[in-house]
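# Coordinates only, no sequence provided:
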C-alpha cells in the first residue's frame, strides 16, 4: 500500500518556518519566480455518493485533501505576493469531468495528458493568480466590512 505525500502537503514552496516568517531568510538568494504545476483541479467537483459508510468516508477524505490543495495554493500565492515573487501556476482546468473516473483509468489519464500538452503549447500556459473563488490570504487590498 502507498499513501501519497499529498496527505501531508500538496505543494512544497518552503518550510513552514520560512513561509510564515519565523525564520530569517538573509543569506539566501532571492526568488524571482515561483512556478506551481498542480496535478489536480482547484475547483471542487460535485458528486453524489452512495449511502454507505465506505463511500461517504472516502468522499469525505477526498474533500478534505482537495481543501488542503486550495489552502496550499493560497499559502504559496500569499507567500509570493508578500515577497514580491512572480507567481505562475498551471492546473487541471475546472471544467474537466473527473466525477465518473478513477484517477488511474488509462482513458482519463490520456485525456488529461492531451489537455496539458495543448495548454503547454498555447501562448499562455501559466496563470499569474490561482483560479480560486476566494480572495488570497495576503495582499495590499483592504476589505471593508459592513455591519
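Looks like it arrived, so ask away. A quick note: this is a predicted structure, and the numbers were derived from the prediction, not measured. Numbering: from 1, shown residues only.
# Only the buried residues of the helix or strand harbouring residue 108, if you could.
For residue 108, the host element (DSSP states H and E) is helix 106-121. By 16 or more other Cβ atoms under 10 Å, the buried positions in helix 106-121 come out as 108, 112, 116. For every residue, glycine as well, the C-beta is placed using N, CA and C.
# again, but for stretch 87-96
Counting neighbours by 16+ other Cβ under 10 Å, stretch 87-96 gives 87-92, 96 as buried.
# Could you dump those residues into a markdown table with secondary structure, distance to residue 80 and pLDDT added?
Below are the buried residues of stretch 87-96 laid out as a markdown table (DSSP: H, G, I helix; E, B strand; the rest coil; distance: Cβ to Cβ, whole Å; pLDDT from 0 to 100):
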| residue | secondary structure | distance to residue 80 | pLDDT |
| --- | --- | --- | --- |
| 87 | strand | 4 | 91 |
| 88 | strand | 9 | 92 |
| 89 | strand | 10 | 90 |
| 90 | strand | 15 | 89 |
| 91 | coil | 15 | 86 |
| 92 | coil | 21 | 85 |
| 96 | coil | 25 | 83 |
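# Quick one: those residues as a markdown table, columns for distance to residue 66 too.
Below are the buried residues of stretch 87-96 laid out as a markdown table (distance: Cβ to Cβ, whole Å):
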| residue | distance to residue 66 |
| --- | --- |
| 87 | 21 |
| 88 | 22 |
| 89 | 16 |
| 90 | 17 |
| 91 | 12 |
| 92 | 12 |
| 96 | 14 |
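# where exactly do the helices run in this structure?
16-19, 53-82, 106-121 (DSSP state H).
# Among the ones you listed, which comes closest to residue 34?
Nearest to residue 34, of all the helices of the chain, is helix 53-82, at 4.8 Å by Cβ to Cβ.
# quick one on the thing from earlier: who does the helix holding residue 108 touch, helix- and strand-wise?
Packing partners of helix 106-121 (3 or more Cβ pairs under 8 Å, 6 or more residues apart in numbering; DSSP states H and E): strand 86-90.
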